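Colleague: I need the structure of the sequence given here:
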Amino acid sequence: MWRSFQELISFRIILTTSFYNHSWTQNQGSAWLDELQTHAWDNKTGAFIYLQPWSQDPFQVQTVMSCDSHFGEASVCLLKIAYQGTDHLSFQNTSWWPSPKGGRRAQQICRLFNQNHVSNEITQKLLSDTCPRLLLGLLDAGKTHLQRQVKPEAWLSTGPSPGPGRLLLVCHVSGFYPKPVWVMWMRDKQEHQGTQRGDILPHADGTWYLQVSLDVKLKEAAGLSCRVRHSSLGGQDMVLYWEHPHSTGLIFLAVIVPLVLLAGLVLWLWKCW
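Modeller: Below is the predicted model:
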């Protein structure tokens, strides 16, 4: 149907996000079909408003822009656009490139975008200049927070039994910062190859949590330890040794029996006197 239009038709999405302070942000958004506005964004409610009765099909556009700074090296920058959850375009070296998943539509959009050389130059400046300067400014402003060192807490537990005669040992490491951490189950000084590492998960306070598990035979659990290595520990690894918990019944007997014997001795002495 769109081929029946003889002139070039453009669809633009404009989004402006203003960060005034830590508690006040403002979003302004709109979508335009050439000079006709088809969608608007209500900043107070966060609702997307369909301004035309025929513009109400749901759609999703995702954009990601990033820049990585490596000391002494040029910044690595990225800009990608996805439509309806599928990668469509990426911007590299002053040009737009179609994603293999985007098909013919992505190729057509790239050709259209690349006709606007001025826009591409502005995009390149945002990526190669503005984004790195913003990143360096954030690193400088947040230096004290970002360079802090928070020591981890660690403890051992068991998980659901993997099967008869087996144990799932779990080493928990929590509350550490920065994120990089090394955790491994060990036997003596050798790394245990069966160690399973989970994802590093965030806490609400900005620190991190990790659990590392090991599936072993019950008789082989003795002598195992969990070793934690983190920058906050000053080169001294944290080592937790696995000790199989004693039976509750044995602990009860170990406490109660001496008390009964002591009570009997006191009663016998009282009668003798």
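Colleague: need phi/psi at residue 120.
Modeller: Backbone torsions of residue 120, given as degrees, to the nearest 10, read phi -70, psi -40.
Colleague: dump the residue contacts of residue 206.
Modeller: Residue 206 makes contact with residue 177 under the criterion CB atoms under 8 Å, 6 or more residues apart in numbering. No exception for glycine: its C-beta is placed from N, CA and C like everyone else's.
Colleague: in a strand, it, correct?
Modeller: No. Counting by DSSP: H, G, I helix; E, B strand; the rest coil, residue 206 falls outside a strand, being coil.
Colleague: burial measure for residue 231, as a count.
Modeller: Look at residue 231: counted by other CB atoms under 10 Å, it has 14 neighbours.
Colleague: kindly report the same for residue 128.
Modeller: Per other CB under 10 Å, the neighbour tally for residue 128 reads 15.
Colleague: now do the same contact list for it.
Modeller: Neighbouring residues of residue 128 by CB under 8 Å, 6+ apart: 75, 77.
Colleague: and it, that one's in a helix?
Modeller: Yes. Judged by three-state DSSP, residue 128 forms part of a helix.
Colleague: quick check: the gap between it and residue 121.
Modeller: 10 Å (CB to CB, to the nearest Å).
Colleague: cool, and residue 212?
Modeller: On the measure of CB to CB, residue 212 and residue 121 end up 49 Å apart.
Colleague: more neighbours, these two?
Modeller: Taking neighbours as other CB under 10 Å, residue 212 and residue 121 compare with residue 212 leading, 21 against 11.
Colleague: does the more buried one touch residue 186 like I think?
Modeller: No. If you go by CB atoms under 8 Å, residue 212 and residue 186 don't touch, sitting 11.0 Å apart.
Colleague: what touches both of the two?
Modeller: Counting by CB under 8 Å, 6+ apart, the shared contacts of residue 212 and residue 186 are residue 226.
Colleague: what residues does whichever strand or helix holds residue 184 touch?
Modeller: In the assignment (DSSP states H and E), residue 184 maps to strand 182-187. Strand 182-187 has contacts (CB under 8 Å, 6+ apart) with 169, 171, 173, 191-192, 194-195, 197, 210, 212, 214, 223-230, 239.
Colleague: looking at these, which are in strands?
Modeller: Counted as lying in strands by DSSP state E, out of these, are 169, 171, 173, 191, 197, 210, 212, 214, 224-229, 239.
Colleague: about what we covered before: weed out the non-buried ones from the contacts of strand 182-187.
Modeller: Buried by 16 or more other CB atoms under 10 Å: 169, 171, 173, 192, 195, 210, 212, 214, 224-228, 230, out of these.
Colleague: distance of residue 156 from residue 143?
Modeller: 36 Å.
Colleague: hang on, the earlier thing: and of the buried ones among the contacts of strand 182-187, the nearest to residue 91?
Modeller: For the buried ones among the contacts of strand 182-187, the minimum distance to residue 91 (CB to CB) is 35.2 Å, reached by residue 210.
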